[in-house]
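A.B. asks: Next come a sequence and a model predicted from it.
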Amino acid sequence: MTHLSDDELVLMFYREDDVLREAEAHAASCAVCRERFEKLTMALREVESEPIPERDESYGAEVWTRLQPRLHDAVPRTRWWESLSAAMTWPRLAMAGAAAGLLLAAFVAGRSSVPPSAGPMPLQAEDASDAARERMLLAAVGSHLDRSRVVLTEIAHRNGGASSDISPERVTAADLVADNRLYRQAAVRTGDAAVAAVLEDLERVLVEIASSPSQATHDDLVRWRDQIDSKGLLFKVTVMGTRVRERQQDAEPRPATKTST
Amino acid sequence: MEASDLAVVARVKAGDHDAFRHLVERHSRSVFRLAYRLTGHEQDAEDVVQETFLKAFREIRRFEARSSFSTWLYRITVNCSHDLLRQRPRAGSRPSLDDPAVRVAAELADPSASANPLRELASRRIDERVRTAMNELSDQERSAFVMRHFDGLSIEEIGRVLDLKTSAAKHSIFRAVHKLRRALEPVAELSR
């Protein structure tokens, strides 16, 4: 006769459907397994012997009284990139340039095989969870800030003579302008004046770079460098990017904890 | 009739922050019990309750109705408890009953022990053994076991709370039970 395994005894104790009927039938006719099950039951009942401090019906109200003053500082604040999520539909995002394209690509790759040009967005798109949407927006915004930082760094450190070829930076800047405008408007809508101001300064520089000839003059480079330096723009964009990355990490699903105590 | 958790969550999300009170009043006791089982200390459990609701309030926009609010809250409670346990030194943060001197002092100071001293002492030894056995479990094993044994969550729900596949959640419970059984069977035999 094959006896019940230890795991099957545990499942039987917790009355898990997948083994219950067979396990109980076996135990009914097997004294060895019955005794093992009794020992397991007694051991687990001992766990219940440790008392738990009582909390009566009024406990919830007490917790609320202590909690309420702290909630004022914890009011969920809409971040500027989140307003994009709330305000925009996926088709509009699809038109919003490189960063939104990244969102859509990630979405389509992960959730649907229907290409974005195939008419109305599939239902799954409408059902995309807030958390997943936030993660994708953060990825897009993070990417936007990283690319902007690279352009600013290249321009700020360019040591040209009479003129300098800025073709790559010009193309990237042109890519970034539309998205930057979108993010700036989102920041204005959510009342995030500091972020809106940084994005406005960034946009001004990006527009100038994008609309300049491929061969930038020495005077252009000096002017842009002054704009970047005087506003601390490179530093601010780097800090914003770091914050978005941190937020992105926080938004990732937490792995299960395996630490022993 | 009381509004459902989801209805209250919708009100909070819409800006009615005072509605959060209903969720706090409804779930505080179960959060406390879980936190106490996981941390093993009353004050730590109180801290976890506060942190849990604070975090739930901050993150409520990210709550998705794919699981129940209580399951989501359990997940936060478990994470807050684990964070607290990681910050807390394993030993030395408070007098331990494993320390014989502390144990004797505690026993002498407890007037209830005089009613039936031997029985009382035996009961305390068992409680100590249970506490030690629970402390030997990993965070994941203890959380899975507590939620199954004391709160009656299904293995699937435990998997959702701990971000584990169902099979992994099940094996966490198996490991926890086997460790507890090894530690507690001798005690159970004696008290038979």
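C.D. replies: The structure has been received and is ready for your questions.
A.B. asks: and the helix or strand where B:Arg160 lies, what other elements does it pack with?
C.D. replies: B:Arg160 is part of helix B:155-162 when elements are defined by DSSP states H and E. Packing partners of helix B:155-162 (3 or more CB pairs under 8 Å, 6 or more residues apart in numbering or on different chains; DSSP states H and E): helix B:69-87, helix B:139-149, helix B:166-190. (Each C-beta comes from the backbone N, C-alpha and C, glycine too.)
A.B. asks: For it, buried residues please.
C.D. replies: Residues B:155, B:157-162 are the ones in helix B:155-162 that count as buried (16 or more other CB atoms under 10 Å in any protein chain shown).
A.B. asks: Redo the residues you listed as CSV? Include pLDDT and distance to A:Leu182.
C.D. replies: CSV is the format used below for the buried residues of helix B:155-162 (pLDDT from 0 to 100; distance: CB to CB, whole Å):
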residue, pLDDT, distance to A:Leu182
B:Ile155, 92, 45
B:Glu157, 91, 40
B:Ile158, 93, 42
B:Gly159, 93, 39
B:Arg160, 90, 35
B:Val161, 90, 37
B:Leu162, 91, 38
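A.B. asks: can you map out the strands along the stretch 151-261 of chain A?
C.D. replies: Using DSSP state E, counting those that start in this stretch, the strands of the stretch 151-261 of chain A run over A:163-165, A:215-217.
A.B. asks: out of the helices and strands packed on helix B:155-162, deepest packed?
C.D. replies: Stretch with highest mean neighbour count among the helices and strands packed on helix B:155-162: helix B:139-149 (a mean of 25; mean count of other CB atoms under 10 Å in any protein chain shown).
A.B. asks: Of all the residues in chain A, which one is nearest chain B?
C.D. replies: When distances are taken as CB to the nearest CB, chain A reaches nearest to chain B at A:Gly60, 3.3 Å away.
A.B. asks: I'd say that residue and B:Arg26 touch.
C.D. replies: Yes - A:Gly60 lies in contact with B:Arg26 (CB atoms under 8 Å); the separation is 6.7 Å.
A.B. asks: Look up the closest residue to B:Leu153, ignoring the ones flanking it.
C.D. replies: B:Met147 (4.3 Å; CB to CB, 6 or more residues apart in numbering or on different chains).
A.B. asks: and if you look at B:Ala19?
C.D. replies: B:Arg11 (4.0 Å).
A.B. asks: ok, back up a step: what residues are up against the residue of chain A closest to chain B?
C.D. replies: Shown in contact with A:Gly60 (CB atoms under 8 Å, 6 or more residues apart in numbering or on different chains): B:24-29.
A.B. asks: Which pLDDT value does the model give the residue nearest to B:Leu153?
C.D. replies: The model reports B:Met147 with a pLDDT of 93.
A.B. asks: What of the one 3 residues further on?
C.D. replies: Here, the pLDDT recorded for B:Phe150 equals 91.
A.B. asks: what's the closest non-adjacent residue to it?
C.D. replies: B:Phe150 sits nearest to B:Arg37 (CB to CB, 6+ apart), 6.0 Å away.
A.B. asks: so that neighbour sits right up against A:Ile52, yeah?
C.D. replies: Yes - between B:Arg37 and A:Ile52 there is a contact under CB under 8 Å: 7.3 Å.
A.B. asks: what about those two, which has more around it?
C.D. replies: Counted by other CB atoms under 10 Å in any protein chain shown, B:Arg37 and A:Ile52 do not tie: B:Arg37 has more neighbours, with 22 against 13.
A.B. asks: list the contacts for the more buried one?
C.D. replies: A:52, B:142, B:146, B:150.
A.B. asks: I'd like those residues as CSV, with distance to A:Gly142 appended.
C.D. replies: Below are the contacts of B:Arg37 laid out as CSV (distance: CB to CB, whole Å):
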residue, distance to A:Gly142
A:Ile52, 45
B:Arg142, 36
B:Val146, 38
B:Phe150, 42
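A.B. asks: Out of these, flag the one nearest to A:Arg204.
C.D. replies: Taking CB to CB as the measure, A:Arg204 lies nearest B:Arg142 of the contacts of B:Arg37, at 56.1 Å.
A.B. asks: tell me the contacts of the closest one?
C.D. replies: Contacts of B:Arg142 by CB under 8 Å, 6+ apart are A:261, B:37-38, B:134, B:176.
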